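Participant: The following comprises the amino acid sequence and a computationally predicted model.
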Amino acid sequence: MKKTVFILCYAVVALAIFGYGQTAENKQLSYLLNGQYAKKMTDASEKLKELDVAVQKTLLFNESDGFDRARDDIWRLSADVKSSVGSLPVDRGFSNSWMNYLGRLGNYAKEADRLENKEEYHKVMTEASVNLREMADEWQVATRNLVSGQLTVEGWRNQLDSIDANHDWEGMRDTVKQYTESDFPLTASESDALKKKELQTLTDEEVTKEEAIERFKILFPEVSQSALVVENSRPDAPYPFYHIRFAEGQSVGYIDITEKGGHVLSFLSERPFGKEVQSYPFIEKKAKKFLQDAGYTDAVLEEARENDTSWHFVFVRQESEYDALVFSDAIHLKVAKDTGGIVGLDAMEYIQKENLNKQPIVQTDWQTYFRPHVAVVDEKLAYVENDRMEQRLAHYLTVTLDTKDTIETYVVVVDTETAEVIKTEKQL
């Protein structure tokens, strides 16, 4: 009996100590969070003021060094404020809308030298300056209670979903959305990109649920006898698709097939892998045959890498006008080494087909374009998205840089019409 009482007493004391320890630890964590978040909010407030000043500075000049420096400040400061806001536990809806606005502001300032009508810049930035000042004042009011140092860990967590919030974050989100739509409306290329992302451009005939199931069984015969559960996508999904889940033996997985056209968006199969390993030519042949059967007839192999159980392939579309690779139209395929069976597929980017335009190919002398110690070792044509979300035909170059100590390899992407460098990337 005494032993039992001792154990019970010990347990009570231990729990009390643990509870006290947890309480003390939570208080300490709260102090740290309050200090950290207060600093970030203060930084965001100060940078907002600096950003407004930078916007106003660009309104002082026509084209001059002062104008260019102020535009650079807008680009830098908008990124700084985005970074501060993005790391704060404030309402997600407001945070996303606010960062979107800041990103558009910075990009607009960065690209201002490409505007044909310079007066358009001053018109947009005059309005943006007014909106920034209003948002800076609103931000000060919204964060006043949050920098008081009184919030608990749970209190900070609740801010993400506006639980117990003392400010109308939803109203601020709607205001920022209005600013975004009025100050920086979507460009034609951005609008096209959004439609493509949401598969609004698909014009294929709709397939029934039964037709989607039949397509699944044809493409994946190894699991065609599985027990199936078929669901429609949510009503608020950007595009309608069938979600088919299957289970057979030790294999479980799913496949998503679009209602328009019956395109396979994604596929995943989880199963144990055997110890047998098929040859690479056999695996590659199986992958290419699957893509042909699935209707992805213009996809060519661009990259292959392996792990212990599977080969991972990246196929990209090859258009017919220039035989150029379209890197934004990619298919990611995972093939098991033991049987050559498909265990993973992501064709979303491929189905979101890019709208491509014809483009002149101006001959470029690479010997004069690059420095003497640079050699072009491979060249092909490809469509690549530039920083204005435009698909541009480009020379996709693999070059080597010969220094005194080593030879380094780079990929350089150059616009075929303007010779603009779209991307430079060091190969590891």
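Facilitator: That came through, no problem. Numbering: from 1, shown residues only.
Participant: For the stretch 151-300 of the chain, which segments are assigned as strands?
Facilitator: With DSSP state E, counting those that start in this stretch, the ranges of strands along the stretch 151-300 of the chain come out as 227-232, 241-248, 251-258, 264-270, 299-306.
Participant: ok, which stretches of this protein are helices?
Facilitator: In the chain, the segments counted as helices under DSSP state H are 2-58, 65-86, 92-110, 118-143, 153-159, 169-183, 188-197, 209-219, 280-293, 348-351, 366-369.
Participant: how far off helix 118-143 does the third one point, in degrees?
Facilitator: Our comparison of helix 92-110 with helix 118-143, counting by axes from the mean of the first three to the mean of the last three Cα atoms, to 10 degrees, yields an angle of 150 degrees.
Participant: quick one: helix 92-110 to chain centroid distance?
Facilitator: 15 Å (Cα atoms, centre = their mean, to the nearest Å).
Participant: Kindly report the same for the fourth one.
Facilitator: Using Cα atoms, centre = their mean, we find the averaged C-alpha position of helix 118-143 to lie 27 Å away from the chain's own average C-alpha position.
Participant: Report the angle between that helix and helix 169-183.
Facilitator: Taking the same axes, to 10 degrees, one finds helix 118-143 and helix 169-183 inclined to each other by 180 degrees.
Participant: average pLDDT for helix 118-143?
Facilitator: Here helix 118-143 scores 80 as its mean pLDDT.
Participant: How about the last one?
Facilitator: The pLDDT scores in helix 366-369 average 92.
Participant: One more: the fifth one?
Facilitator: Per-residue pLDDT values over helix 153-159 give a mean of 48.
Participant: Out of the helices of the chain, name the one with the poorest average pLDDT.
Facilitator: Among those, helix 153-159 scores lowest, with a mean of 48.
Participant: which residue sits closest to S233, ignoring its sequence neighbours?
Facilitator: Nearest non-adjacent residue to S233, counting by Cβ to Cβ, 6 or more residues apart in numbering: F241, 4.8 Å away. Just so you know, the C-beta spots here come from the backbone N, C-alpha and C atoms, and that holds for glycine as well.
Participant: Compute the number of surrounding residues for the one you found.
Facilitator: 23 (other Cβ atoms under 10 Å).
Participant: residues in contact with it?
Facilitator: For F241, the contact set (Cβ atoms under 8 Å, 6 or more residues apart in numbering) comprises 232-233, 256-259, 265.
Participant: Tell me the one of the residues you listed nearest R388?
Facilitator: Nearest to R388 among the contacts of F241, counting by Cβ to Cβ, is L265 at 27.7 Å.
Participant: which residue sits closest to the closest one in space, ignoring its chain neighbours?
Facilitator: Using Cβ to Cβ, 6+ apart and skipping residues adjacent in sequence, the residue nearest L265 is D256, 4.2 Å away.
Participant: Surely the one you found and S266 touch.
Facilitator: Yes: look at D256 against S266 with Cβ atoms under 8 Å: they come within range, at 4.9 Å.
Participant: so which two of the contacts of F241 are the farthest from each other?
Facilitator: Greatest spacing in the contacts of F241, by Cβ to Cβ: N232 and L265 (13.7 Å).
Participant: more crowded one of the two?
Facilitator: L265 (20 against 12).
Participant: burial measure for N355, as a count.
Facilitator: 11.
Participant: cool, R133 as well?
Facilitator: Neighbour count of R133, defined by other Cβ under 10 Å: 15.
Participant: Also the one 10 residues further on?
Facilitator: By the criterion of other Cβ under 10 Å, T143 has 20 neighbours.
Participant: pLDDT below threshold where in the stretch 301-428 of the chain?
Facilitator: Within the stretch 301-428 of the chain, not a single segment meets pLDDT under 70.
Participant: Now do the strands for it: every range, in order, please.
Facilitator: 310-318, 325-336, 342-346, 374-385, 391-402, 407-415, 421-426.
Participant: Could you dump those into JSON lines and include mean neighbour count and distance to K47?
Facilitator: JSON lines is the format used below for these (neighbours: other Cβ atoms under 10 Å; distance: least, Cβ to Cβ, whole Å):
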{"stretch": "strand 310-318", "mean neighbour count": "20", "distance to K47": "39"}
{"stretch": "strand 325-336", "mean neighbour count": "22", "distance to K47": "33"}
{"stretch": "strand 342-346", "mean neighbour count": "21", "distance to K47": "38"}
{"stretch": "strand 374-385", "mean neighbour count": "16", "distance to K47": "29"}
{"stretch": "strand 391-402", "mean neighbour count": "20", "distance to K47": "33"}
{"stretch": "strand 407-415", "mean neighbour count": "16", "distance to K47": "33"}
{"stretch": "strand 421-426", "mean neighbour count": "13", "distance to K47": "29"}
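Participant: Let me have these in JSON lines, extended by distance to W366.
Facilitator: Below are the strands of the stretch 301-428 of the chain laid out as JSON lines (distance: least, Cβ to Cβ, whole Å):
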{"stretch": "strand 310-318", "distance to W366": "23"}
{"stretch": "strand 325-336", "distance to W366": "19"}
{"stretch": "strand 342-346", "distance to W366": "35"}
{"stretch": "strand 374-385", "distance to W366": "5"}
{"stretch": "strand 391-402", "distance to W366": "8"}
{"stretch": "strand 407-415", "distance to W366": "9"}
{"stretch": "strand 421-426", "distance to W366": "13"}
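Participant: Between the ones you listed, which one is closest to E210.
Facilitator: The nearest among the strands of the stretch 301-428 of the chain, by Cβ to Cβ, is strand 342-346 at 21.7 Å.
Participant: got a list of contacts for that closest one?
Facilitator: By Cβ under 8 Å, 6+ apart, strand 342-346 touches 220, 264-271, 286-287, 290, 310, 331-336.
Participant: now do stretch 65-81
Facilitator: 43-44, 47-48, 50-51, 54-55, 57-58, 60-61, 102-103, 105-107, 109-110, 112.
Participant: Please produce JSON lines containing the strands of the stretch 151-300 of the chain, extended by distance to A79.
Facilitator: What follows is the strands of the stretch 151-300 of the chain, written out as JSON lines (distance: least, Cβ to Cβ, whole Å):
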{"stretch": "strand 227-232", "distance to A79": "41"}
{"stretch": "strand 241-248", "distance to A79": "36"}
{"stretch": "strand 251-258", "distance to A79": "35"}
{"stretch": "strand 264-270", "distance to A79": "33"}
{"stretch": "strand 299-306", "distance to A79": "31"}
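Participant: Which one of those strands lies nearest to P281?
Facilitator: Between the strands of the stretch 151-300 of the chain, strand 299-306 lies closest to P281; by Cβ to Cβ that is 11.6 Å.
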